[in-house]
Every structure is written in structure tokens, then in C-alpha cells.
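> Here's my sequence, what's the structure:
(2 chains)
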Amino acid sequence: MDLLLSQEQEDLRASVRKFFQDQVPMSRVRAVVDGADYDGDLWKRMTGELGLAGLAVPESYGGAGAGHVERSIVLEEMGRALLPSSFFSSAVLAADTLLALDDEDARAGLLPRIASGDLLATVAVAEKTARWDSTVDTKATESGDGWVLDGRKNLVIDGQTAAAIIVYADSGFFLVDGDASGLTRTPLVSLDPTRRIARLDFAATPAKKLASADPAAVLAKIADLAAVALAAEQVGGLARTMEMTVDYAKIRVQFGRLIGSYQAVKHGCVDSYVDWELTSSVLRYAAWVADNQPDELPTAAALVRASVSPAYFQVAARTIQLHGGIGYTWEHDAHLYYKRAKSAEQLFGTVLDQRETLADRLGI
Amino acid sequence: MTDFRTRAAEWLAANKPPAIEGRSREDIVPMAKDFQAKLYDAGFAGITWPAAYGGQGLGQAELLAYNSVAKDYDLPDGPFIIGMGMCGPTILDLGTEEQKQRYVKPMLRGEEIWCQLFSEPGAGSDVASLQTKAVRDGDGWILNGQKVWTTNAQFADFGCVLARTNPDVPKHGGITMFIIDMHDPGVSVRPLRVMTGNAPFNEVFFTDVHIPGDNVLGAVNDGWRAAVTMLGHERVSIGTSVGPKSDPLAFSSLLETARRDGRDKDPAVRQTLAELYVHQRELQLLTIRMRQEAMAGKAIGARGSVAKLVGAQVANHGADVAGTVEGPTAVAWDSSDAAAAELATSVVGVPGIGIAGGTNEVQKNIIGERVLGLPKEPQVDRDVPFRELKVGTQRGE
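Next comes the predicted model:
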């Protein structure tokens, strides 16, 4: 097991961080929070200049063929920048699903466009709860020479904007066009205003079946990879909130002293730092496992989410507390991270769900 | 490297260490000395220590290779951990050539056992408040005072002791470290019973103990630097220690307990155990990552305190979970139930982990100030001569 990053990986981190620092100041994040459309030029630069959307896509499909360790580094930086981006829905969820399915036509047709950033895609699985369960109510029916879908999907990330939607229905995975007939896309108000979430209703919606020998196994695999990817975003956000708090404790004076000299504040900063050391160790492990030890992935994926989810929320909450009144205001950025942390904690299932999954995989 | 590892594995398999389970520390000493001498002769003692003083002169990689093999055994190394973890490395750093020649090799061969005498009843976390004093007596010194929490003092041959040698300067400036002969008639050792019911520590009393002038370790009145050096070695020693083979508070042990009692399908128990697994695995992965960083040449420094702090927190969590999982036998058990007794001892031993070697609060101060660069708490006693301070149980003389 190798938990250290190579020089190339450190360089990747540095260049991605610098790009986001320069191109995505918090004012730009806030513009999206205030209702501005997502910045298409930025996406073009992220995908064109930096090739980020294709980073972990194999070279044969137009990507850079990097691994999950590299992708987790990029996601950490996105979580750190609170980047409102289609990366997670398209380059993670949709790309992983296409790679896990047994449908070479769909792969060859869609992956190069996802990798170039030209096609925005997403995956719709969750229904009544946030969990990605293998038993779903959405029905697929053969109709003429194709299929139609009926049902409702919830918590579809970028479901309102994606041009291609991969839907998990009762008999496997299906591809639906964003403008298909009988598809109603309802944008939801999102607790995390930097992540767009929609509800999708299908009423005799035409769909194309995606070939797969074992759709439940595909679902399990992409859910595990999504868990590692989301955990990376969460660790990045955790790191940033921890640093904000430490920086503030070094400049804010009260009762004639820098507040960081008070043990109550200092120890809170240390608790957050320790959470960062621990969760980033688990993330390095989970990302390494995704690349090197597929057999360990189910346990590692459940572990990393059960580790990171509660920690990020605790650190984000502590960040507001240690900033005092200013931390609770709209003008301070702490609430944006707090909302991201709470929202991410729930995606794919609650903390209790995540521990339940882990218990299953540990054979308890 | 593979060769060294293979050689260590083969040697340990062929020279099975004596069983130490159920024996008192005193009972272990003769067999531990015997085993240590064999270990030395086979080339596995003082792996990273300089060859000039009896070490093997090898690197961190060989040490880790040996540790990775040794962790499968409960080695009888308890009597030597203070000497080899703390006193020895400090002598190598600060000792005179004569001190290195005299003490290091017998320590590695297990011939002489060492203890470390820092803490006092009035100076725990605030070590520099110590009141044990040494006054000049011709070429040597006369030592009077009391120490506490002294591991291995009951069978130690030598100790590294901190004493106040100048009370007229601020507290950190008037301390000296000495090597003391624990067989001096002025040294008396009394076992100190702790909340487990066992006596792993001692109180040590000094009455007119004579210390030769050659036994100053480092320089006179520069003992604080020596203490910091030694505490740095302590952190490394804790960080790289092999640890006991089986821990009753480990996730796997507690899952076993839950299964035995048929409680493993209880949803609350499943949640509790999964959460404990997460915390123990986090610590394990952090430790592995820090080791890999150290091997890659990156200094760990005060980040070592993170592992110490989390270790105490995770142990506490394990003790918390043990009651949930164990059920009635956590409260009362048959006198013949060795497993229940061992688990209970572990639960009752946990509070000490967050205190020994620097409390959790002290570790947090170290991390906050040295890793995060947060400002220090103002210290009101920094510039005040020691004799004017009210420290610990000294209520202003």
C-alpha cells in the first residue's frame, strides 16, 4: 500500500489549486449561489486547457488515462474551492458507469465527448431515499424496437442541465436524452446552493438500453467509486475550513490576546487539524485501493465515507463556532462549506446508512 | 532488506521468546535479560544505533522490517523500553565519549536496565516545575527529593534524573540531567498502585544520594534541553513501537465478543462496532502514512503528537464500546473467566493513556503551536526565578 503522493501528483495538485485560485474566486462561487448560470467559459478552460474531464478516462476514449488517486486530488481541490461544476455528475458518475457497463457502442459514442467536456451527462439512481439501492421502482418496458421508462428519480445531480442521463431502472441501465419526450425535469432547491439537484419524472419516456451482464454489480461498483470521489471533495472542503479557522485564530484579537492563544480555541483548531490528518489518510488509502486492489474497494469505499462525512460536518460547524458572530453571517464563506458538508453527508445515504453498509461489508 | 526481514523472521521463529502472559513484571526480568542477550548476539538489538557503541549501524528501513516481523510475537521487552526508547538515544546525542562507551552496549545486551525520572507529584505536565534538587559536593553532587510515575524503577540499575541545580534563575534554566545509580543506598523505590489494581509505576525517594561529577548528562543547568531531547525520543519510541499482539479493545476482539454473546446482529451494536472500526482504521492508516513519510525522508516532528493524541482518544472509544458490546460480563464475571478479566483491565487502563507521556491537552498545545503555528499561551512564570514561584504543591516557601 502506498499512501504517499509522487512528485507528479503533487505537481498536479499545485497546478489545479493555482488554476482554481486564479479562475474561481469566491465571488464567482457566490454569483452562482445568487442564481447566475454556471460559467461555460470556465468549464471550457477546465476541460480544454487542463483536460480535467478526461483525466481518469482511458486514452482509447480520448482521456488522459490517469487513476483514481489523480482524480481524487482534482476533486479535493474542487471541494476546497467549492467549485460549482459538472465534473462530479459527468466525469465521475457518468464516465464510471459507461466504463463499468458492457456496452462498447455507448462507450465509444459518449466517453470521448464526456472526456472533452462537450457532453454533460449524469446518472439517476436514487428514488425514495438517497441510497443507491439495487431495487428500484422505475420500470423499463419494451416498446416497438426500443424501450420506455416510467417512474421518478430523486437527487439527480445536474439532472436539470445534463444532455444525457443514464437511468438505473428495474431491468438495468438506460440512456435517456435530456430533451426526450415524457421527461419532466424539476430543479429542486438545494441545501448546498453550489450543487444543482433535480427530480426527474419519466412517463413513457423513450430510452436506449445499455448492455450489461450484471447491472446490480455495475451499480455497486459505481456507487463505491462515487463514494471515494465524493469523499475526496469532502476532504478538500474539510481542509479549507480547517485552514480558514487556523488563519483567523492567528489574526483575531480579543481580551488583549490573539484568540488562537486560548486553549479553548487552539484545541478546537487542533481537533479540526487531526480530523484532516485522519480523513486524508483514509482517502489516500481508498483512492489507492480503487486503482490497485478492487477486491478491497467495497470495504474501503464504505470506510472512507463513514470516516469523512461526519468529520467534514463537524469541522465545518466548528469553523462557524470558532469564528464567532462573523462566522454566522451571509457575507462570510463558512456557511457555504457548512451547507456543502451537510448536503454531501446525505448524498448516497445518511451517516447511519454508511455505517450500516460498512458493517455489512465487514461481515458483522 | 528482504534478506534482513527474512533473517529476523527465521531467527524469531527458531528462538521463540518466552511466554510472558500472566507473569508479573519482576518475574519477567531474568528471562527478559536472557532473551535480550540472544537478540543482541543475533544482531537485532540497537538496529539503528551506531556500531561504535555496540549498535548494528543499520537504517530505519531495517528497523521497520524487524518491527513488521516482531509484531507477531509478545516479546519480553518491557524492562528495556525506557532505556532503549529514551535514555540510550539521549546518551548517544548528549553523552560524553566515556558515557557512551560505558553504558550503551550493556543496555543493548539487556545487562543493565534503565528508568527515567522526570515527573514529580508537583510537576507532571509542567515538568520544569520539578523540585528535586542536587547541590554541589566537591566534584560530585548530593541529590534529595521525590519522583513519581517511574516505570521499571523497581528493577532498574540506572536512571536519567532531572534535578534543580539553580533555584535563582527561571525554572527552565536551573535544571540538570544526571545519570544516577539506582543501587545507591539513598534511593528507595515504592510501588505505586493505579486504578487497574496493578502497580506498573513507582514512587522514588532520594535521600542524600551521591552522584559523581562525571554523571552529568549534557551540561550543568542545561537539563531542559536534555529533557526536550529525551521527550522527542519518547515520541518517536511511541510512534514506532511494536505494541502488544492482541488488544482486547480492538475492533476484531470486540466483534468476537459480540458474536460469542449473540449480540452482533443488534442494529445498535452494529452501528457502534462500525464506528469503532472507522476510528481504529483511521489511526492505523495515519500511522502507516507517517511511517512511509519518515522512510521517504520527511521529518515527522511534532506531528508525532497527532498519533499519540488519537491513540488515546481511540483507546477511550474502545473502552466505551466494550461495555456496550460485552453486556453483563463487563460488570461481573466468574473468577475463572480470564478473557473477561483481561477486557476489564484494558477498560480500566485506558484513562492512563490520555495522561502518560503528556496529557491529551498538552499534545493539543504541541500540535497547535508547533504544527499549526498558533500563538503560545502567555506564560507568567517564564522569567521569574524558580524560588519565587508557587508551583505544584510548593505553596510559597
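
> my guess is B:T196 contacts B:V348, does it?
Yes - counting by Cβ atoms under 8 Å, B:V348 is a contact partner of B:T196 at 4.8 Å. (Glycine included, C-beta is placed from N, CA and C.)

> give the contact list for A:T138.
A:127, A:149-153, A:167-170, A:202 (Cβ atoms under 8 Å, 6 or more residues apart in numbering or on different chains).

> Are any of those residues buried, and if so which?
Among the contacts of A:T138, the ones that count as buried by 16 or more other Cβ atoms under 10 Å in any protein chain shown are A:127, A:149-153, A:167-169, A:202.

> Among the residues you listed, which pair sits farthest apart?
A:D150 and A:Y168 (13.9 Å; Cβ to Cβ).

> about what we covered before: intersect the contacts of A:T138 with the contacts of chain B.
Residues of the contacts of A:T138 in contact with chain B (Cβ under 8 Å from any Cβ of the partner chain): none.

> Pick out the most distant pair among those.
Taking Cβ to Cβ, no two of the contacts of A:T138 sit farther apart than A:D150 and A:Y168, at 13.9 Å.

> Distance from the chain centre to the biggest helix by length in chain A, please.
Longest helix in chain A, counting residues (DSSP state H): helix A:215-249. Here helix A:215-249 is found 7 Å from its chain centre; the criterion is Cα atoms, centre = their mean, to the nearest Å.

> what's around the residue in the stretch 101-250 of chain A that chain B sits nearest to, how many residues?
Distances between the stretch 101-250 of chain A and chain B by Cβ to the nearest Cβ are smallest at A:V246, namely 5.1 Å. A:V246 is flanked by 24 other residues according to other Cβ atoms under 10 Å in any protein chain shown.

> do the same with A:L110
Other residues near A:L110 come to 22 when the count uses other Cβ under 10 Å.

> What of B:R387?
Other residues close to B:R387 by other Cβ under 10 Å number 15.

> list the contacts for the spatially closest residue to it that is not a sequence neighbour?
Spatial nearest neighbour of B:R387, excluding adjacent residues (Cβ to Cβ, 6 or more residues apart in numbering or on different chains): B:P167 at 4.3 Å. Contacts for B:P167 (Cβ under 8 Å, 6+ apart) come out as B:133, B:174, B:385-387.

> From those residues, list the buried ones, please.
The neighbour count (16+ other Cβ under 10 Å) marks B:133, B:174, B:386 as buried among the contacts of B:P167.

> now those residues as JSON lines including secondary structure, pLDDT and distance to A:S72?
Output for those, formatted as JSON lines (DSSP: H, G, I helix; E, B strand; the rest coil; pLDDT from 0 to 100; distance: Cβ to Cβ, whole Å):
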{"residue": "B:K133", "secondary structure": "strand", "pLDDT": "97", "distance to A:S72": "57"}
{"residue": "B:G174", "secondary structure": "helix", "pLDDT": "97", "distance to A:S72": "53"}
{"residue": "B:F386", "secondary structure": "helix", "pLDDT": "91", "distance to A:S72": "53"}
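
> show me which of the residues you listed neighbour chain A.
The subset of the buried ones among the contacts of B:P167 within reach of chain A, by Cβ under 8 Å from any Cβ, is empty.

> Could I get the full set of strands for the chain?
Just going to use chain A. A:121-124, A:139-143, A:146-157, A:164-169, A:172-177, A:183-187, A:197-209, A:253-254, A:257-258 (DSSP state E).

> Chain B was what I was after
With strands called from DSSP E, chain B shows them at B:114-117, B:133-137, B:140-147, B:158-164, B:175-181, B:187-192, B:201-211.

> Need the winner for burial among those.
strand B:114-117 (a mean of 28; mean count of other Cβ atoms under 10 Å in any protein chain shown).

> For that one, which outside residues touch it?
Contacts with strand B:114-117, where a contact means Cβ under 8 Å, 6+ apart, come from B:80, B:82-83, B:86-88, B:107, B:132, B:147, B:150-153, B:156-162, B:180, B:182, B:204, B:230.
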